[in-house]
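Engineer: Sequence first, then the predicted structure, then my questions.
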2 protein chains.
Amino acid sequence: MTTPLRLGIAGLGTVGLGVVGIVRKQADLLARRTGRDIRITAVSARDATKDRGVNLGGYAWEADPVDLAQRDDVDIFIEVMGGIDGAAKDATEAALRAGKDVVTANKAMLAIHGQALAEQAEAAGRCIKFEAAVAGGIPVIKALSEGLAANEITRVMGVINGTCNYILTRMESAGLPYEAIFREAADLGYLETDPMLDVGGIDAGHKLALLAAIAFGTRPDFDGIELEGIDRIEIEDIRQAADMGYRIKLLGVAQRTGRGLEQRMQPCLVPISSPLGQLEGGTNMIVIEGDAVEQIVLRGPGAGAGPTASAVMGDVCDLARGFRMPTFGQPAASLENAPAARAVLPAPYYLRMALLDKPGALAKIATILGASGVSIDRMRQYGHSEPAAPVLIVTHKTTRAALDEAISAMQATDVLVSPPVALRIENL
Amino acid sequence: MTTPLRLGIAGLGTVGLGVVGIVRKQADLLARRTGRDIRITAVSARDATKDRGVNLGGYAWEADPVDLAQRDDVDIFIEVMGGIDGAAKDATEAALRAGKDVVTANKAMLAIHGQALAEQAEAAGRCIKFEAAVAGGIPVIKALSEGLAANEITRVMGVINGTCNYILTRMESAGLPYEAIFREAADLGYLETDPMLDVGGIDAGHKLALLAAIAFGTRPDFDGIELEGIDRIEIEDIRQAADMGYRIKLLGVAQRTGRGLEQRMQPCLVPISSPLGQLEGGTNMIVIEGDAVEQIVLRGPGAGAGPTASAVMGDVCDLARGFRMPTFGQPAASLENAPAARAVLPAPYYLRMALLDKPGALAKIATILGASGVSIDRMRQYGHSEPAAPVLIVTHKTTRAALDEAISAMQATDVLVSPPVALRIENL
């Protein structure tokens, strides 16, 4: 047995306490598997007096995570505070400057500052590892950057926000509108403090940016993501999708196109019978396609103390075993600055709108679609009691540009009650 | 860029040529991701004159893989010949003696000789890596030994023989008997030269032994597996299972019990709606359960040139990056010699038998089950024209021992036409 490997944990919320739990419970197992005695020496959190149900008396306590990050008795700085900037970033930078490796669960910080932090880590000869930042307990960063390292990755897709998948699944099973299930999720504590991080697709977008960077050797580019939340999905959309053999999922897709890197995080219709269509509740799923491996699907819990701490400690085990590599799987300087390509590849779309019930309204819409080169596969108009008539259209394959042109033209007419909802159909 | 990393490939079948293809096609990508120039220096195969559709003229040729394994210009010996003993083992041992790391796809060799080879590798300070030996392109060895290293693994399950899953899936979809689909699989080249390796569950058993060793820190113990093939499954079983909401899968399960390590590879009934029940054709799936991570499911192609070569080259990338660890994830000397526990945990069973159509036959069977403590959940006797009456029984949870006792007693009666078929029901 060599010298102990000493952890400093910044953040004692769910994940931080999960890490404490594993280090204590599995000391022997970790030593047998890594050859190192892994122990916690110091911790940091906002409130030192709060009862967390665990005796933390054996660890040094730092009020400031930056101080924790620079302690001589810390080898690995574990950042599980969260936040794009502020203390998390300051402490991460301080840790790298002080010659510590960093393990973080912070997708937001890395999606925005990943390139700069990766450069800093490499200049310092240190590692940043972030398995816990994407898809909780699923070892997807490892699969992509190591297991499939010999593949040219052609596409990465995933349902990587458990809260959104919970809401969409519950809307379908309970037959209740978005607002009701949103409140339910809030009551259950499933939502971030700013719920738009979840239902606006931002959290999932952060994760997608990290997956794309590794998959395609590009700089993390959160701003390049076509981002759309689930907050405009109505129960009617879910019913109609089901009726056509689809489920609505907040689906992330990243792929290289002739015009650059396409990254989308948006609600899509996927076949009910597909693995993604079958995914229920808070579970996450990632589909990775590579030129040699064909298709790999990974599924597991996307959040929670145990799964997330499992991922944090998996990174710690890697470092304990001496596995060291650049943050995004290749030197930061070699990451390409790929242009963002928005929805270049054509797809069929699902369109829902409410038309004023007056003669020629539907004809106007159909004419506009035709003029934009969008051809209609199926159309339904429903019986109704209100002045607005619900209309559903499924298009043949079209570009998002053509569809957006049509939608703009529709909005310039006097027949729409509200802006149409357009959802891409992914026939996986 | 440091010195080149030089590969010697023994075996130029599907997998070997797949490896050649990746090294040639992805030279730049591999260099960018690993920081090493990875190249092939020498190869070996039985027939040097055969046209393999690839120009291998740039590589040194060795008639004997043992000679290849010892060449000064080889850093990593890639063993993709196969076979438990003989040339594969001789060459692997020679490579370790000569100070080479070994990457192999040989599940049979490792399931039988894994402990000795792991000890030899560690004594020589070398690595044996074998991602390609289990579940083709799915990076499951990496997930289990690295990504989930901080978990106490509680259970590993999997459908890890694509040929068996193809046969069972096709029997159901085509409604054809085992013999017909077996011939179809043979014609398609899906079967090993000795088909019992596939349909007898032996190949899948080899893989399970490797998964269990990593998961539980035990010596690979192929002989400890309760092994049963799919060759006694009739189309009637598949129909009956479907009628009850189940599919029949050749399912591997490994778990620790109070009495030792339980390893089973046998046809089981799993719920149609479960991920394993949904798995069709040659695809593989592994379910890993750990105390922290809960449940992870991995799915992908279990065979084929691309996926298997992807796994081989993933191991090569690890070695190129300097990731080194003991063969089964912890020092070979620390692997436990756990006793084999056979079907200790009770489960419901599906029983099919053909009874002679005479008064009291069914009563005899029911009495025997009761006397062995096996209680009946459901029973069906079918109308029939033959002298034998088909009878199906689903039991409540029982031990395999109690069931075997009952089956022995049944066979001692004069009412059975042939030995009953008993399949475990796994309600995942």
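Structural biologist: Sure thing, it's come through.

Engineer: Please make it C-alpha for all contacts and neighbour counts, starting now.
Structural biologist: Fine.

Engineer: Tell me if stretch A:142-152 is near chain B.
Structural biologist: Yes: Stretch A:142-152 lies within reach of chain B by C-alpha under 8 Å from any C-alpha of the partner chain, at A:Lys142, A:Ala143, A:Glu146, A:Gly147, A:Leu148, A:Ala149, A:Ala150, A:Asn151, A:Glu152.

Engineer: Need the mean per-residue confidence for that stretch.
Structural biologist: The average pLDDT for stretch A:142-152 rounds to 98.

Engineer: buried stuff in it?
Structural biologist: A:Lys142, A:Ala143, A:Leu144, A:Ser145, A:Glu146, A:Gly147, A:Leu148, A:Ala149, A:Ala150, A:Asn151, A:Glu152 (16 or more other C-alpha atoms under 10 Å in any protein chain shown).

Engineer: same check, this time on stretch A:397-415
Structural biologist: So stretch A:397-415, judged by 16+ other C-alpha under 10 Å, has buried residues A:Lys397, A:Thr398, A:Thr399, A:Arg400, A:Leu403, A:Glu405, A:Ala406, A:Ile407, A:Ala409, A:Met410, A:Val415.

Engineer: Just the CA coordinates for it, please, in PDB.
Structural biologist: The C-alpha trace of stretch A:397-415 is given here as PDB (Å, rounded to 0.1, in the frame of the first residue of the first chain):
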ATOM      1  CA  LYS A 397     -39.100  15.300 -44.200                       C
ATOM      2  CA  THR A 398     -38.300  19.000 -44.300                       C
ATOM      3  CA  THR A 399     -35.600  21.300 -43.100                       C
ATOM      4  CA  ARG A 400     -36.200  23.300 -40.000                       C
ATOM      5  CA  ALA A 401     -35.400  26.500 -42.000                       C
ATOM      6  CA  ALA A 402     -38.300  25.700 -44.400                       C
ATOM      7  CA  LEU A 403     -40.600  25.000 -41.500                       C
ATOM      8  CA  ASP A 404     -39.600  28.200 -39.700                       C
ATOM      9  CA  GLU A 405     -40.300  30.100 -42.800                       C
ATOM     10  CA  ALA A 406     -43.800  28.600 -43.100                       C
ATOM     11  CA  ILE A 407     -44.400  29.200 -39.400                       C
ATOM     12  CA  SER A 408     -43.500  32.900 -39.700                       C
ATOM     13  CA  ALA A 409     -45.800  33.200 -42.700                       C
ATOM     14  CA  MET A 410     -48.600  31.600 -40.700                       C
ATOM     15  CA  GLN A 411     -48.100  34.000 -37.900                       C
ATOM     16  CA  ALA A 412     -48.500  36.900 -40.300                       C
ATOM     17  CA  THR A 413     -52.000  35.700 -41.200                       C
ATOM     18  CA  ASP A 414     -55.100  36.400 -39.300                       C
ATOM     19  CA  VAL A 415     -56.200  32.800 -38.800                       C
END
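
Engineer: what pLDDT does the residue nearest the centre of chain A get?
Structural biologist: With distances taken as C-alpha atoms, centre = their mean, the residue of chain A nearest its centroid is A:Ala204 (2.5 Å). Listed pLDDT for A:Ala204 reads 98.

Engineer: Contacts for the strand or helix carrying it, please.
Structural biologist: A:Ala204 belongs to helix A:202-216 when assigned by DSSP states H and E. Contact with helix A:202-216 is made by A:107-108, A:110-112, A:133-135, A:141, A:144-145, A:152-153, A:156, A:160-161, A:196-198, A:218-222, A:225, A:227, A:229, A:252-256, A:263-265, A:328-329, A:335, as judged by C-alpha atoms under 8 Å, 6 or more residues apart in numbering or on different chains.

Engineer: picking up where we left off before, among the residues of stretch A:142-152 next to chain B, which two are most distant?
Structural biologist: Maximum pairwise distance among those (C-alpha to C-alpha): 15.5 Å, between A:Lys142 and A:Glu152.
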